[in-house]
Structure formats: structure tokens, C-alpha cells
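1. predicted coordinates and the sequence they were generated for:
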Amino acid sequence: MHVVQSGTVDVGGVRLTWHRSGPRRPPRPTVVLAHGLCDDAACWGRTARDLAQEHDVVSFDARGHGASDRAADYSLQAHTRDLVSLVRALGLERPVLVGHSMGGVHAVLASAEVEVAALVLEDPAWPDPPADGSKDAEASRGRQVEVAALPGARRWERGRALHPAWDDDDLRSWSLAQTLVDPDAVRWFDSWPAANRWEEHVSTLTCPGLLLHGTPSAVSPAMAARARALWPQLRVVEVAGAGHDVRRDRFDGFWRGLRGFLEALR
């Protein structure tokens, strides 16, 4: 029998909304899903549903996203503290942290503060080189405001033009997420280049890890090889035909890589 729960947790005055599903006595570790910038928990779609067949699955809306509170601080450090606080507040023991893009960065950093069974990174937002990677946050904010203001049909058309291979459910959840995010959440980019020293962070990891990336995507083959050299427990899966949104671009390839990795954790 599958249990579906939702709730909120206070993280320093900001309420995060979380969702939990899976068997009453899951045979495998809890999986925590951390979404990317301008997405929300619903954007995990098929991944969350399929994982919940055998895992206790926790997804959540990051601050400024979905049903969670807006906040004054959208820094990488604040988001990481939120993830750590969520894991502790829900009493999760040695979860598998799964993060896409922005969420992948937070998952790596959070693993330094909570014990994890493994890390799964879907094309994490790693600047290349680490000292670079600056973004025009104001331009990003303008684009977000524009997309959110589009009528539903026009927003769908925009999304379909950007992501022609996406499943309708994925496009639907993306479209709704754009209307729920605080445009100021893109200020995450302000803290990104200086705080995201990904090679330094990856070099400290000793847990099993999976890196899923596309061709091309934010993580290049050279970066993936570098991560593998720094983190010997890392498995790298390159999903042909996928871009930054690996699971939504090529779900079958993403799922094979994820399922095989989780099976090996037994």
C-alpha cells in the first residue's frame, strides 16, 4: 500500500512544503528529490512516481518555488541549509539525495552535514571553469517574469518550442511551476560562481554517486571525467540526445541509469 503525505517544515522562518509517498515499509532507502531553479516538486513527475514503487520518496518545493514561502535570501548557502533542515526535521536516516541542476549543487553540499547513502546528480549546475560561470541575474529575472505572465496556451507553446521532446505531463508541470516561482529566486546566480567550487566539494565525497548528463549539457564529458577522478565512487552515465533536463529529454535513458545505480546499492 502506498502512503501519500504532504506537510510543511519551518527552516529559520521560511516554510517549505514537502510531499512524501511510497510503501508503508519500503525495502530500500528514502530518496529525497531536490529540483532545479524555477521548477518545483511536481516537476519530478514520472521519476517520483516510479521511485515510490519501492522507495520512501520525499520531494519538496525550494524556498521561493511552488507552495513554499518566498524569502529575502536565495543564496546557494540558504538553499543548502534548507535541505539539511528538511532531512533532519523529517528524521530521515541515510537518505539518497537526488538533485537536478541547482538542486544537485545543494545535494553535494548538504552531504557534508548529513549522512547519506548515496548522491545522484542530474546535470548539476557546475560553472566551468569554477571561477567563472557568472550569470546576468537581472536578465534571468526578466525572462522569468515574461514567461509567467504569458496566458496558459502561449506559455505552453513557449515550453513546447523550447522542449519539443518532453512528455505532456512534464510540460504541464513546468508550465505551472513558472507561475508559482518568485522571480527573485534567480538571485541564486549571485552566489553561484564564488560559492560553487565544485571540484573542491566533489573531492571530499566518499559515498556512492551517480552523475547523469546529456550531450551537450551543463556538465561536459571533460568535467564528468574530472569529477570521476576526484570522486572514485562516482558512476557516470551520459544519456545521448538529452540536454540539461536529462530525465525530461530522455526519460528511458535517465531511468535505466538511475534504476541500475539504486539496484546496486542493495
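-> Good, I have the coordinates. Residues are numbered from 1 along each chain as shown.
2. can you tell me what sits against the helix or strand encompassing residue 178?
-> In this assignment (DSSP states H and E), residue 178 forms part of helix 168-180. The contact list for helix 168-180 (CB atoms under 8 Å, 6 or more residues apart in numbering) reads 38-40, 42-43, 45-46, 65-67, 144, 147-148, 152, 155-156, 159-160, 163, 166, 248. Any C-beta I mention is one placed from the backbone N, CA and C, and that applies to glycine too.
3. now do the nearest residue to residue 234 once chain neighbours are set aside against residue 122, distance only.
-> Excluding the flanking residues, the one nearest residue 234 by CB to CB, 6 or more residues apart in numbering is residue 209, at 4.2 Å. Using CB to CB, to the nearest Å, residue 209 is found at 12 Å from residue 122.
4. more neighbours, these two?
-> Ranked by neighbour count (other CB atoms under 10 Å), residue 209 and residue 122 place residue 122 first, with 34 against 25.
5. in space, what's closest to that one - neighbours in sequence excluded?
-> Per CB to CB, 6+ apart, closest to residue 122 is residue 100, 4.1 Å.
6. what's near enough to touch that neighbour?
-> Per CB under 8 Å, 6+ apart, neighbours of residue 100: 34-36, 39, 122-124, 245-247.
7. now those in TSV, with secondary structure and pLDDT?
-> Compiled in TSV, these are given as follows (DSSP: H, G, I helix; E, B strand; the rest coil; pLDDT from 0 to 100):
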residue	secondary structure	pLDDT
34	strand	98
35	coil	98
36	coil	97
39	coil	97
122	strand	98
123	coil	97
124	coil	96
245	coil	97
246	helix	98
247	helix	98
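8. how about the helices in the stretch 101-250 of the chain?
-> Chain-ordered helices for the stretch 101-250 of the chain, with DSSP state H, counting those that start in this stretch as the definition, fall at 102-110, 137-149, 152-162, 168-180, 188-195, 198-202, 221-230, 246-249.
9. got the contact list for the residue nearest to residue 234?
-> Residues near residue 209 by CB under 8 Å, 6+ apart: 118-121, 231, 233-235.
10. still on that earlier bit, distance of the residue nearest to residue 122 from residue 125?
-> Per CB to CB, residue 100 is found 9 Å from residue 125.
11. can you check residue 178 too?
-> 18 Å.
12. looking at the two, which one has more neighbours?
-> Comparing residue 178 with residue 125 by other CB under 10 Å, the one with more neighbours is residue 125, at 26 against 21.
13. tell me the pLDDT of that one.
-> On pLDDT, residue 125 comes in at 92.
14. which residue sits closest to it, ignoring its sequence neighbours?
-> In space, residue 125 is closest to residue 101, 4.8 Å off (CB to CB, 6+ apart).
15. could you check the pLDDT of that neighbour?
-> The model's pLDDT for residue 101 equals 95.
16. show me what contacts it?
-> By CB under 8 Å, 6+ apart, the neighbours of residue 101 are 36-37, 122-125, 218, 244.
17. which residues does the residue nearest to residue 243 when sequence neighbours are not counted contact?
-> Leaving aside its chain neighbours, residue 243 sits nearest to residue 214 (4.7 Å; criterion: CB to CB, 6+ apart). By CB under 8 Å, 6+ apart, residue 214 lies in contact with 123, 238-244, 246, 249-250.
18. what pLDDT does residue 214 get?
-> 95.
19. can you tell me how far residue 55 is from residue 6?
-> On the measure of CB to CB, residue 55 and residue 6 end up 17 Å apart.
20. also residue 18?
-> For residue 18, the distance to residue 6 - CB to CB - is 7 Å.
21. what's the answer for residue 102, then?
-> Residue 102 is 22 Å from residue 6, by CB to CB.
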